[in-house]
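> pasting the sequence and the predicted coordinates here, then a few questions.
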Amino acid sequence: MIDARKIDQAKMVQHIESHPFPLLFATISGAHLYGFPSPDSDFDLRGVHLLPLETVIGLDDGEQTVEKEGVYDGLEIDLVTHDAEKFFQLMLKRNGYVLEQVFSPLVVFSTPEHEELKSIAKNCITRHHAHHYLGFAATQWRLFEREAPPRVKPLLYVYRVLLTGIDLMRTGEVEANLMVLNESAKLPYIDELVDRKRSGPEKGTLQAADLEFHTCEYERLTVQLQSAYEASKLPEMPSARMELNDLLVRLRLRD
């Protein structure tokens, strides 16, 4: 796992302090959250901002999404935030990506409302989030297949997504770190793939002979996720709409 103590929080905070709107939270996503960053991986910050009340009640839609990139002493940071209303609407859909951001243990900026949001987000989890992970895995697999030679990075994303979906269906918990997920999945090849990605581009590709093996594994885990979805006892629909609405109203009136 990533040791949060080794992340240069000061540079992260420096980047988010220039955000044009107040933030509800900002967490680290991407390869650092997933447990397999390369030495040159940039930091993907994701979070929620609050548009001013006069903007949301007027005719102007405002900046529903803000994207900021920056480099601080060689550290590349990519920050993407959504306005709270847009983000909360995504939480009510089968969007595992936003839930991973809410529950990310790599927190750069937080508020008491972020803690409240994490509690509410548990009631956004449904069995149909399996479709998000099945679709995401299929997209990453197509990326993996079309490259010659095939690269380790998209393959790791395939395995991360499938294992996250399987674990979510079984436990109702959002876990995005591949190394943590593999403690129970026990796929013997994951550690080697992660080591190859972390070692840099020269070891970041696979031989064509490996493709057949990983094709079988992709198909096997896809079936496993589908079966976990069918057996899941998670709710059919989220039950957090009223709680999210209440939080959003309080956030708007506060500012």
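Here it is on my side, so go on.

> and Leu99, how far is that from Val152?
26 Å (C-beta to C-beta, to the nearest Å). (Glycine included, C-beta is placed from N, CA and C.)

> what's the helix or strand where Tyr159 lies packed up against?
Using DSSP states H and E, Tyr159 sits within helix 152-171. Here helix 152-171 touches helix 30-34, helix 96-103, helix 129-146, helix 178-185, helix 190-199, helix 208-231, going by 3 or more C-beta pairs under 8 Å, 6 or more residues apart in numbering; DSSP states H and E.

> please repeat the previous calculation with a cut-off of 6 Å.
Identification of packing neighbours for helix 152-171 by 3 or more C-beta pairs under 6 Å, 6 or more residues apart in numbering; DSSP states H and E yields helix 129-146, helix 178-185, helix 190-199, helix 208-231.

> and the helices in the stretch 1-150 of the chain?
9-16, 30-34, 53-56, 84-91, 96-103, 112-121, 129-146 (DSSP state H, counting those that start in this stretch).

> flag the shaky bits of the chain, pLDDT-wise.
Within the chain, the segments meeting pLDDT under 70 span 1-7, 201-203, 255.

> map the structural domains onto the sequence of it.
Segmentation of the chain into domains, based on automatic domain parsing, reads 4-125+238-254, 129-231.

> okay if I get those as a markdown table plus mean neighbour count?
Output for the domains of the chain, formatted as a markdown table (neighbours: other C-beta atoms under 10 Å):
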| stretch | mean neighbour count |
| --- | --- |
| domain 4-125+238-254 | 17 |
| domain 129-231 | 17 |
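
> can you give me the separation between the nearest residue to Arg241 once chain neighbours are set aside and Ala121?
Nearest residue to Arg241, sequence neighbours excluded (C-beta to C-beta, 6 or more residues apart in numbering): Leu92, at 6.0 Å. Leu92 sits 10 Å away from Ala121, going by C-beta to C-beta.

> same question for Thr55.
For Thr55 relative to Ala121 (C-beta to C-beta), the value is 25 Å.

> quick one: residues contacting the spatially closest residue to Leu117 that is not a sequence neighbour.
Leaving aside its chain neighbours, Leu117 sits nearest to Val102 (5.9 Å; criterion: C-beta to C-beta, 6+ apart). Counting by C-beta atoms under 6 Å, 6 or more residues apart in numbering, Val102 touches Leu117, Lys118, Ala121.

> return the member of those residues nearest to Val80.
Nearest to Val80 among those, counting by C-beta to C-beta, is Leu117 at 17.2 Å.

> distance-wise, check Phe36 relative to Leu178.
Noted for Phe36: a distance of 6 Å to Leu178, by C-beta to C-beta.

> can you check Gly47 too?
From Gly47 to Leu178 the distance is 22 Å (C-beta to C-beta).

> and if you look at Leu79?
According to C-beta to C-beta, Leu79 and Leu178 sit 23 Å apart.

> the residue nearest to Arg241 touches Met237, doesn't it?
No - with contact defined as C-beta atoms under 6 Å, Leu92 and Met237 do not form a contacting pair (9.1 Å).

> and stretch 83-93, C-alpha only, in PDB?
What follows is stretch 83-93, C-alpha atoms only, in PDB (Å, rounded to 0.1, in the frame of the first residue of the first chain):
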ATOM      1  CA  ASP A  83     -19.900  21.100  -7.800                       C
ATOM      2  CA  ALA A  84     -21.700  19.400  -4.900                       C
ATOM      3  CA  GLU A  85     -25.000  19.100  -6.800                       C
ATOM      4  CA  LYS A  86     -23.400  17.400  -9.800                       C
ATOM      5  CA  PHE A  87     -21.400  15.100  -7.600                       C
ATOM      6  CA  PHE A  88     -24.300  14.100  -5.400                       C
ATOM      7  CA  GLN A  89     -26.300  13.300  -8.500                       C
ATOM      8  CA  LEU A  90     -23.500  11.000  -9.700                       C
ATOM      9  CA  MET A  91     -23.500   9.300  -6.300                       C
ATOM     10  CA  LEU A  92     -27.200   8.400  -6.800                       C
ATOM     11  CA  LYS A  93     -26.300   6.600 -10.000                       C
END
